[in-house]
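Visitor: Have a look at this prediction, sequence included:
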Amino acid sequence: MFLVALSFAYFAKALSGSYMKSTITQLERRFDIPSYLIGVIDGSFEIGNLLVIAFVSYFGAKLHRPKIIAVGCILMSIGTFIIALPHFIIGRYEYETSVRWVVNSTLNPSPCPVGSPFVCLSGFVYQILGCVQTISVVGPVFGYLLGSLCAKIYVDIGFVKMETITITPADARWVGAWWLGYLIAGVITLLSAIPFWFLPRSIPISGPRVPEKCTPEQTSFIKESPLLKHKYPADDHTSFIEMAKDFFPTLRTLLAHPVYLIYLCVTIIQLNSLIGMVTYKPKYIEQHFRQSASKANFLMGVINIPAVALGMFSGGLLMKRLKLNIMGAARFAFGTSLIGYILSLFFFAMSCENAKVAGVTLSYNSLDAISYDKHSVFTACNSDCFCSSSDWDPVCGENGITYVSPCLAGCTTSVGSGKNTVFSNCSCVGVAGNFTASTGQCPQKDDCDRMFPYFLALSVITSFIISLGGTPGYMLLIRCIKPQLKSLALGFHALATRTLAGIPAPIYFGAIIDTTCLKWGQKRCGGIGACRIYNTTAYR
């Protein structure tokens with residue numbers, strides 16, 4: 001029952017964490033913030049753990065574990081609800097658009113107002129480790145699937161008329177119902193706390209029962225395991241103050257262990273790259289391969305995460321079949337990581353051409369060659385329109401070129417309403433004649449659609465190979481430490497990896513991504529907002 005309850009708690013925690021990563025682009029657009037600030041928000045997910053994790057790992061092993069876990073689940077639930085709170089205390093989402101919803105009318109206001117400013121709207125032990133680790137991987141699958149579902153739903157669903165929304169989920173201004181998933185995750189986390197209140201302090205086993213087929217090493221490990229003892233020897237005679245005095249000497253002994261220290265350094269380096277990649281991979285799929293947020297999250301949930309789960313399971317199975325000792329497990333983990341990172345280099349060969357946007361990646365005077373030099377969005381064809389250069393309201397010209405706004409495309413009239421609006425007399429689209437433009441960016445996905453399946457295949461293969469070393473590496477950590485230090489070792493490992501990888505990696509990865517932005521959005525109160533389009537060559 002404890003294993004079932006713990007697995008459910010792991011599932012809830014993993015679901016919440018992965019759902020947060022699936023909402024990155026939604027939060028960027030909703031609150032008009034750059035990627036590095038999103039990295040700060042994502043990294044702050046670990047700050048609460050840092051405050052208590054080492055002490056809980058040390059004292060929790062000597063106190064009533066189930067109740068401590070229950071309190072932790074309740075705190076996580078409260079935190080998850082608080083994340084959704086901004087949606088209910090701020091106003092409705094207003095995106096930049098020159099398209100008005102006009103009932104029973106076919107003529108909208110001119111997108112290019114001449115002579116006036118342009119205005120827009122804004123074994124036993126192995127089985128326990130195997131179950132918990134597997135559930136902690138299954139959680140992200142449901143987290144990303146939940147993110148995919150919520151990304152399809154408009155952020156203000158139920159508060160606005162959907163027929164008045166002029167953008168689609170594929171638009172760079174679309175914001176899904178990011179808050180809904182946090183409410184669902186909070187309820188699941190709260191439910192996971194209930195079983196722990198009814199569990200005893202220790203397992204009522206008179207003596208350790210060892211399976212007959214266990215190796216001598218496994219037998220020794222099981223007999224020494226605190227899971228199979230009534231209490232710690234210190235529980236009856238050691239006070240809380242005495243345990244506190246023993247904390248730092250115990251920690252000093254742990255950090256003096258060379259194998260543990262090397263493993264800690266290696267995992268910190270590895271997790272920096274993995275956390276940064278996982279955090280922004282859905283965003284990368286959106287920007288580089290021009291997929292919607294919903295599809296990017298769906299693919300992460302049904303392709304990448306299952307590959308990781310299969311890799312971890314296969315790694316444990318291979319470790320058992322090959323009967324690897326500590327050194328064998330270390331070599332296996334190192335080899336799989338090395339092969340995985342070498343294969344990752346092939347991602348640089350999988351790219352697609354950047355979007356053709358006049359005044360951003362193309363010059364108005366030369367619409368056939370993409371250039372990342374600084375271009376002007378103003379030219380002779382829109383000089384009389386008094387357009388704003390800060391707006392992002394893209395339209396697709398009849399010539400296959402995207403323009404930043406109908407005004408900057410030189411359009412003077414529009415017909416239709418909502419998503420079906422068609423702009424006409426667009427002087428920048430063609431030299432002569434009645435050239436038109438439609439709402440949204442031009443697709444231009446031929447090269448991306450051809451390359452995208454290869455990207456997904458390589459992504460699955462590298463994820464599987466790297467995760468093969470996950471279980472052997474974790475068992476290396478478990479086996480190299482004395483039983484009485486294992487709880488503290490695991491807690492300090494989590495503390496160090498979160499401090500030096502979980503928090504900084506999303507921040508500096510986000511800052512690097514921000515340097516590739518070609519067109520920033522504009523906040524209503526001034527200053528830059530979320531990035532609208534990236535230089536995909538540099539982003540790669």
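Guide: All right, it came through fine. This one's a predicted model, so the numbers in the text were calculated from it and none came from an experiment. Residues are numbered from 1 along each chain as shown.
Visitor: Can you tell me how far Pro258 is from Leu264?
Guide: Distance of Pro258 to Leu264, given as Cβ to Cβ, to the nearest Å: 11 Å. In this view, the C-beta of every residue, glycine as well, is placed from N, C-alpha and C.
Visitor: Where does pLDDT dip in the stretch 1-150 of the chain?
Guide: 53-55, 57-62, 98-128, 130-134, 136 (pLDDT under 70).
Visitor: Helices of that one, residue ranges please.
Guide: Per DSSP state H, counting those that start in this stretch, the stretch 1-150 of the chain carries helices over the ranges 2-22, 24-31, 35-43, 47-60, 65-84, 86-89, 124-152.
Visitor: still on that earlier bit, the more surrounded of Pro258 and Leu264?
Guide: Leu264 (19 against 9; other Cβ atoms under 10 Å).
Visitor: Please list all residues in contact with the more buried one.
Guide: Neighbour list for Leu264: His493, Ala496, Thr497 [criterion: Cβ atoms under 8 Å, 6 or more residues apart in numbering].
Visitor: of those residues, closest to Val429?
Guide: Of all those, Thr497 has the smallest distance to Val429: 53.1 Å, by Cβ to Cβ.
Visitor: list the contacts for the closest residue to the closest one other than its chain neighbours?
Guide: Sequence neighbours aside, Leu271 is the residue nearest to Thr497 in space, at 5.3 Å (criterion: Cβ to Cβ, 6 or more residues apart in numbering). Residues in contact with Leu271 (Cβ under 8 Å, 6+ apart) are Thr497, Ala501, Gly502, Ala505.
Visitor: I'd say the third one and Gly43 touch.
Guide: Spelled out, that is Gly502. Yes: taking Cβ atoms under 8 Å as the definition, Gly502 is a contact partner of Gly43 at 6.5 Å.
Visitor: who's more crowded, the two?
Guide: The neighbour comparison of Gly502 against Gly43 (other Cβ under 10 Å) goes to Gly502, with 25 against 22.
Visitor: From Leu274, how far off is the more buried one?
Guide: For Gly502, the distance to Leu274 - Cβ to Cβ - is 10 Å.
Visitor: Give the buried residues for the top helix by length along the chain.
Guide: For the chain, the helix with the greatest residue count under DSSP state H is helix 258-289. Buried residues in helix 258-289, defined by neighbour count with 16 or more other Cβ atoms under 10 Å: 260, 263-264, 267-268, 270-272, 274-289.
Visitor: Tell me which helix or strand comes right after it.
Guide: Per DSSP states H and E, helix 258-289 leads on to helix 293-299 as the next helix or strand towards the C-terminus.
Visitor: That following helix - what's its average pLDDT?
Guide: What helix 293-299 shows for mean pLDDT is 90.
Visitor: Pull it out as CSV, backbone CA atoms only.
Guide: Taking C-alpha atoms only, helix 293-299 is exported to CSV below (Å, rounded to 0.1, in the frame of the first residue of the first chain):
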residue,chain,number,x,y,z
ALA,A,293,1.9,24.2,-29.2
SER,A,294,-0.7,21.5,-28.9
LYS,A,295,1.0,19.2,-31.4
ALA,A,296,4.4,19.8,-29.9
ASN,A,297,3.2,18.8,-26.4
PHE,A,298,1.4,15.8,-27.8
LEU,A,299,4.5,14.5,-29.6
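Visitor: any residues touching that helix, and which ones?
Guide: For helix 293-299, contacts defined as Cβ under 8 Å, 6+ apart pick out 22, 25-26, 144-145, 147-149, 151-152, 169, 174, 176, 281-283, 285-286, 291, 456.
Visitor: list the helices and strands the helix or strand where Ala538 lies packs on?
Guide: If you go by DSSP H and E, Ala538 is part of helix 536-539. With contacts defined as 3 or more Cβ pairs under 8 Å, 6 or more residues apart in numbering; DSSP states H and E, the packing partners of helix 536-539 are helix 258-289.
Visitor: Now do the helix it packs on against helix 35-43, angle only.
Guide: Angle of helix 258-289 versus helix 35-43, following axes from the mean of the first three to the mean of the last three Cα atoms, to 10 degrees, is 130 degrees.
Visitor: Kindly state the distance between the middle of helix 258-289 and the middle of its chain.
Guide: 12 Å (Cα atoms, centre = their mean, to the nearest Å).
Visitor: Just the angle for that helix relative to helix 2-22, thanks.
Guide: With the same axes, to 10 degrees applied, the angle from helix 258-289 to helix 2-22 works out at 40 degrees.
Visitor: related to what we said a few turns ago, list residues touching both of Pro258 and Leu264?
Guide: Common neighbours of Pro258 and Leu264, counting by Cβ under 8 Å, 6+ apart, are absent.
Visitor: picking that back up, buried subset of the contacts of helix 293-299, written for PyMOL?
Guide: The PyMOL command for the buried members of the contacts of helix 293-299 (criterion: 16+ other Cβ under 10 Å) is given here:
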select buried, resi 22+25+26+144+145+147+148+149+151+152+174+176+281+282+283+285+286+291+456
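Visitor: For Thr421, which of the helices of the stretch 1-150 of the chain is the nearest?
Guide: helix 24-31 (21.2 Å).
Visitor: by contact count, what packs against the closest one?
Guide: Counting contacts by 3+ Cβ pairs under 8 Å, 6+ apart, helix 24-31 packs against helix 35-43, helix 178-193, helix 258-289, strand 528-534.
Visitor: so Met451 sits right up against Ala349, yeah?
Guide: No: distance between Met451 and Ala349: 9.3 Å, which falls outside the contact criterion (Cβ under 8 Å).
Visitor: Of the two, which one has the most company?
Guide: Applying other Cβ under 10 Å to Met451 and Ala349 shows that Met451 carries more neighbours, namely 16 against 11.
Visitor: can you pull the contacts of the more buried one?
Guide: Phe289, Met350, Ser351, Cys352.
Visitor: separation between Asn49 and Tyr144?
Guide: 22 Å.
Visitor: cool, Ile69 as well?
Guide: Ile69 is 25 Å from Tyr144, by Cβ to Cβ.
Visitor: Same question for Lys419.
Guide: In terms of Cβ to Cβ, Lys419 sits 27 Å off from Tyr144.
Visitor: before we move on, what about Ile68?
Guide: Relative to Tyr144, and taking Cβ to Cβ, Ile68 is found at 29 Å.
Visitor: What of Ile533?
Guide: Distance, Ile533 to Tyr144, using Cβ to Cβ: 24 Å.
Visitor: again, but for Ala5
Guide: Distance, Ala5 to Tyr144, using Cβ to Cβ: 24 Å.
Visitor: ditto for Phe455
Guide: As judged by Cβ to Cβ, Phe455 and Tyr144 stand 17 Å apart.
Visitor: do Val175 as well
Guide: Counting by Cβ to Cβ, the gap from Val175 to Tyr144 is 18 Å.
Visitor: Also Asn297?
Guide: Distance from Asn297 to Tyr144, by Cβ to Cβ: 5 Å.
Visitor: same question, Ala530
Guide: In terms of Cβ to Cβ, Ala530 sits 21 Å off from Tyr144.
Visitor: next one: Ala84
Guide: 18 Å.
Visitor: quick one: average confidence on the helix holding Ala538?
Guide: On average, helix 536-539 scores 80.
Visitor: residues in contact with it?
Guide: Tyr284, Gln287, His288, Ser351, Cys352, Asn354, Tyr372, Ile513, Thr515, Thr516.
Visitor: Which members of the residues you listed are the farthest-apart pair?
Guide: By the measure Cβ to Cβ, Cys352 and Thr515 form the most distant pair in the contacts of helix 536-539, at 20.3 Å.
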